[in-house]
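In: for reference, the sequence and a predicted model appear below.
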Amino acid sequence: MIAGRNALRKPDMALDFSALERAQQFEMWRQISSPIGDVLFNDETRADDTPFTSVAWNLSQLVLTTTSFPMSTVIRNDTHIAKGNSDYVRIRIFRGGGGTSVVDNKSVTVVPDDVHFVHGSSRVHLTARADDILGLLLPYELLDFDSSRVDRYFSVPAAEPTARMIRAALETTLLEMPRTEIGYIPRLASALIGLIRGLLVHQAAEMTEDTSFRLLQQHAVRQFVDQNLLDNEMTAERLSEEFNASRSTIYRHFSDVGGLRKYILNKRLDRSMFDLITAEKTRGAVTQIAKKWGFDDTALFSRQFRERFGTPPTDALGLRILDEPQQEVDDPSNAAAFPEFAFLLEGSDEPVDYLSRLREIK
């Protein structure tokens with residue numbers, strides 16, 4: 001099932017900004033990356049000559065990528081996560097470069113060849129240089145695996161055999177894609193799915209009974225809070241009595257999200273955002289929605305809303321994001337699984353005029 005020498009397949013997306021001025025490269029990368037996260041550059045970025053490149057291949061319902069970029073910061077927050085279904089795993093292997101990252105308030109050192117598993121709903125603050133990142137996007141549904149059975153983020157050290165196997169499998173697939181006929185791609189996808197699922201099952205089995213109970217209790221406690229967001233008497237003491245747990249245990253259940261008070265505040269803001277974008281643009285709507293979710297001080301609400309979402313509530317009012325039609329791509333299954341990554345599957349035989357696109361943005 002190998003294509004002939006004169007029938008090499010092209011990637012579904014290939015980005016190369018080398019023909020642009022460096023400042024234009026920064027701007028293009030920021031705009032193209034915006035569905036995934038906010039990209040920030042600094043003086044160290046401008047002194048780094050690492051090129052901006054990205055190649056993506058569509059493997060049935062998987063997306064295989066390889067990416068490079070200079071030292072920069074990428075912030076993925078709730079605004080980006082809310083753009084689509086987030087129950088997928090994103091596997092990343094830095095083959096060169098490195099840096100630091102915070103994933104759901106957990107500090108991570110980015111070391112070449114380690115294999116990182118990140119849930120699609122994780123908040124990420126990454127500061128790094130990537131000479132070459134090998135990546136794979138894979139829905140948990142396709143894995144027939146409950147994502148709650150494993151941590152939202154975990155990594156496998158490069159020295160472990162499992163990490164070497166995963167890296168070898170992704171690198172081999174990447175090399176084979178240009179000369180593999182489309183009809184054979186589902187078999188490649190199936191092989192990768194089997195490998196990843198086997199690792200996840202093994203990871204889940206390593207969780208002790210106590211750890212499983214802790215996670216179950218944490219989900220139950222947070223669900224109880226979610227159902228009583230407007231209860232001003234919601235305290236660690238009350239939850240301790242409700243779930244027959246110590247206050248220190250209750251505190252630990254919210255330690256990764258800044259504490260109980262912060263969790264409640266962010267949940268109220270999230271509910272406010274949903275109501276705002278689906279509301280009519282009428283006078284007093286912002287104040288009404290703020291009060292509905294327990295914010296009596298409109299000025300304070302606006303400040304807290306901007307801190308969480310990066311925009312004032314007045315700008316969110318009436319956006320009706322949920323009513324917008326999904327952008328169509330060639331593979332509807334990938335459109336449903338990875339809407340914020342849809343640009344990775346733009347596939348076109350014609351070269352992209354990045355200068356023209358840059359002018360359109362400006």
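Out: Perfect, I can see it now. Numbers count the residues shown, from 1 in each chain.
In: distance check, Pro11 against Leu174.
Out: Separation of Pro11 from Leu174 (C-beta to C-beta, to the nearest Å) stands at 10 Å. Quick note: C-beta positions are derived from backbone N, CA and C, even for glycine.
In: looking at the two, which is more packed in?
Out: Higher neighbour count among Pro11 and Leu174: Pro11, with 20 against 17, using other C-beta atoms under 10 Å.
In: now do the helix or strand harbouring Leu192: distance to the chain's middle.
Out: Taking DSSP states H and E as the criterion, Leu192 maps to helix 185-205. Distance, stretch centre to chain centre, for helix 185-205: 20 Å (C-alpha atoms, centre = their mean, to the nearest Å).
In: and it, average pLDDT?
Out: Mean per-residue pLDDT for helix 185-205: 86.
In: what bridges to Leu137?
Out: Beta-bridge pairing of Leu137 under DSSP bridges involves Val63, Arg90.
In: how near is it to Val89?
Out: 8 Å.
In: repeat for Gln24
Out: Distance check for Gln24 against Val89: by C-beta to C-beta, it reads 34 Å.
In: quick revisit: hey, what's in contact with both of Pro11 and Leu174?
Out: Shared contacts of Pro11 and Leu174 (C-beta atoms under 8 Å, 6 or more residues apart in numbering): Trp57.
In: just to revisit the earlier point, neighbour count winner among Gln24 and Val89?
Out: Counted by other C-beta under 10 Å, Gln24 and Val89 do not tie: Val89 has more neighbours, with 22 against 15.
In: just give the nearest non-adjacent residue to Val201, would you?
Out: Nearest residue to Val201, sequence neighbours excluded (C-beta to C-beta, 6 or more residues apart in numbering): Phe145, at 7.2 Å.
In: contact partners for the one you found?
Out: Phe145 makes contact with 197, 200-201, according to C-beta under 8 Å, 6+ apart.
In: give me phi/psi at Ser107?
Out: Per-residue torsions, Ser107: phi -70, psi 140 (degrees, to the nearest 10).
In: mind checking the SS state of the residue nearest to Val201?
Out: What DSSP: H, G, I helix; E, B strand; the rest coil gives for Phe145 is coil.
In: relative to Gln203, how far out is it?
Out: Going from Phe145 to Gln203 by C-beta to C-beta gives 10 Å.
In: give me the residue at the spatial middle of the chain.
Out: With the centre of the chain defined as its mean C-alpha position, the nearest residue by C-alpha atoms, centre = their mean is Gly120, 4.2 Å away.
In: isn't that residue up against Arg90?
Out: Yes - contact criterion C-beta atoms under 8 Å: Gly120 and Arg90 qualify, at 6.3 Å.
In: identify the contacts common to the two.
Out: Contacts common to Gly120 and Arg90, judged by C-beta under 8 Å, 6+ apart, are absent.
In: count the neighbours of Ser255 for me.
Out: By other C-beta under 10 Å, 11 other residues sit near Ser255.
In: give me the pLDDT for it.
Out: For Ser255, the pLDDT comes out at 88.
In: need phi/psi at it.
Out: Ser255 adopts backbone torsions of phi -70, psi -30, taken as degrees, to the nearest 10.
In: now it, nearest residue through space, not along the chain?
Out: Using C-beta to C-beta, 6+ apart and skipping residues adjacent in sequence, the residue nearest Ser255 is Asn105, 7.9 Å away.
In: likewise for Thr66?
Out: Once flanking residues are discounted, Thr66 sits nearest to Val55: 5.1 Å by C-beta to C-beta, 6+ apart.
In: state the mean pLDDT of the helix or strand hosting that neighbour.
Out: Using DSSP H and E, Val55 maps to strand 53-59. Predicted confidence along strand 53-59 averages 91 (mean pLDDT).
In: please report the distance of Ala236 from Tyr263.
Out: On the measure of C-beta to C-beta, Ala236 and Tyr263 end up 11 Å apart.
In: related to what we said a few turns ago, partner strands of the strand holding Val55, parallel or antiparallel?
Out: Applying DSSP bridges, strand 53-59 is found paired with strand 13-16 (antiparallel), strand 62-76 (antiparallel).
In: name the element Ile264 belongs to?
Out: For Ile264, the host element (DSSP H and E) is helix 260-277.
In: buried sites along that helix?
Out: The neighbour-count check on helix 260-277 (16 or more other C-beta atoms under 10 Å) flags 260, 263-265, 267-277 as buried.
In: and what of stretch 43-60?
Out: 45, 48, 50, 52-60.
In: helices of the stretch 101-250 of the chain, residue ranges please.
Out: Here the stretch 101-250 of the chain has its helices, by DSSP state H, counting those that start in this stretch, at 140-143, 161-176, 185-205, 209-226, 236-242, 247-253.
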